[in-house]
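Engineer: From the sequence below, what's the structure:
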Amino acid sequence: MKMNNPKSNYTLITGASEGLGKALAIECASRRMNLVLVALPGSELHSLASFIRRNYFVGVLSIEKDLCRDESCRELFNEISSLDLNINILINNAGIGGTGLFENGSIDLYEKQIRLNVLATTLISRLFIDMLKRNRSAYILNVGSMASFFCLPKKQVYGATKSFIYFFSKTLRRELKQNNIHVSVLCPGGMNTNPAVTLLNKTGNYISRLSIMNPEEVAPLAIDGLLKGKPVIVPGRMNRVFLVLDKMLPEKIKDLLTGSTMKKINPDHSLVRYLSVVAEPGSGEQAIA
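Structural biologist: As a prediction, the model looks like this:
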């Protein structure tokens, strides 16, 4: 744990050492926000914190914590509370992805996905509610996914966890509105955060290439949307177009394209490849492609 220049208000970001989390940290620092950055032990977290201190001159606290571990969320809260810091923005970004048939997946992976994507987000939000309430205005940004909206084979557990994040965020927004806590859910598509997505970016067709964004492009859109109080933030024109098309297509057609009959479609089929890209952003520092 390292800290310098503690000030009154801090933005807490989980999964902050790489990918979207790192981009969000730098974006917030560029807006003069003090930061509490959380990531796995052994990550590049402290290097990132040092970089931000040198270049943006804001207060930075870096905490290495495996949020899949029992009691880790409570430990994180107690650690921050003991330093008498005030969190006025909470960004739940850490998450684990994964692609494959359900029957072939490991119990360990599924347990980690649910613990990190669902349980950690829920517990951290609950633990910091009272602190957020003390602010005149506070914000929660939960990182979901385009997978929140689609039933995709080989992304069944990941998609289900992100659907939870979507509905949890929308419900929490209604509950906390009276306390001036603004809750938003970010639903990005594919991003160049791991080799698998980068490969799809290079080899995919024109539509799939249009859908992919860099974390550095998503981060400012996410923070802009959060501070403007948007309930759902979907970055990228192609992703928004695809959501409209999804509402227009009959269920039978969607089943043909993305459901039980996907086995009949060549894995290199352009739509299958496009759906695979837009469904999993690989947002957190613990992401598994």
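Engineer: where do the helices sit along the protein?
Structural biologist: 19-30, 45-56, 72-82, 107-113, 121-133, 156-176, 195-203, 206-211, 215-227, 237-248, 251-258, 270-279 (DSSP state H).
Engineer: if I read this right, A49 contacts V60, doesn't it?
Structural biologist: Yes. A49 is in contact with V60 according to Cβ atoms under 8 Å; the separation is 4.6 Å. Where C-beta positions appear, they are placed from N, C-alpha and C, glycine not excepted.
Engineer: coming back round to it: tell me which of the helices of the chain is the most buried.
Structural biologist: Ranked by mean neighbour count, the helices of the chain are led by helix 19-30 with a mean of 26 (mean count of other Cβ atoms under 10 Å).
Engineer: So what touches it?
Structural biologist: Defining contact as Cβ atoms under 8 Å, 6 or more residues apart in numbering, one finds that helix 19-30 is touched by 11, 13-16, 35, 37, 39, 48, 52, 55-56, 58, 60, 89, 91, 93-94, 143, 188, 191, 193-194, 214-216, 218-220, 222-223, 281-285, 287.
Engineer: Ok, stretch 169-183 next?
Structural biologist: So stretch 169-183 is contacted by 125, 129, 132-133, 135-142, 144, 184-185, 226, 229, 231-232 (Cβ under 8 Å, 6+ apart).
Engineer: pLDDT below threshold where in the stretch 1-150 of the chain?
Structural biologist: For the stretch 1-150 of the chain, the stretches flagged by pLDDT under 70 are 1-7.
Engineer: The same query, at a cut-off of 90, please.
Structural biologist: Along the stretch 1-150 of the chain, segments meeting pLDDT under 90 span 1-8, 42-43, 84, 97-102, 105, 146-150.
Engineer: Output the helices of the chain as JSON lines; include the columns distance to L101.
Structural biologist: What follows is those, written out as JSON lines (distance: least, Cβ to Cβ, whole Å):
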{"stretch": "helix 19-30", "distance to L101": "25"}
{"stretch": "helix 45-56", "distance to L101": "34"}
{"stretch": "helix 72-82", "distance to L101": "30"}
{"stretch": "helix 107-113", "distance to L101": "12"}
{"stretch": "helix 121-133", "distance to L101": "26"}
{"stretch": "helix 156-176", "distance to L101": "9"}
{"stretch": "helix 195-203", "distance to L101": "16"}
{"stretch": "helix 206-211", "distance to L101": "22"}
{"stretch": "helix 215-227", "distance to L101": "29"}
{"stretch": "helix 237-248", "distance to L101": "23"}
{"stretch": "helix 251-258", "distance to L101": "15"}
{"stretch": "helix 270-279", "distance to L101": "14"}
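Engineer: So for F149, which of those helices sits nearest?
Structural biologist: Nearest to F149, of all those, is helix 237-248, at 6.3 Å by Cβ to Cβ.
Engineer: any low-confidence regions in the stretch 151-289 of the chain?
Structural biologist: Counting by pLDDT under 90, the stretch 151-289 of the chain shows low-confidence ranges at 151-156, 189-213, 236-289.
Engineer: at 70 what do you get?
Structural biologist: 194-210, 254, 256-289.
Engineer: List the contacts of R54.
Structural biologist: Applying Cβ under 8 Å, 6+ apart, we find R54 in contact with no residue.
Engineer: out of everything not next to it in sequence, what's closest to I13?
Structural biologist: Nearest residue to I13 in three dimensions, chain neighbours excluded: I91, at 4.5 Å (Cβ to Cβ, 6 or more residues apart in numbering).
Engineer: now S184
Structural biologist: Distances taken as Cβ to Cβ, 6+ apart place L226 nearest to S184, at 4.8 Å, with adjacent residues excluded.
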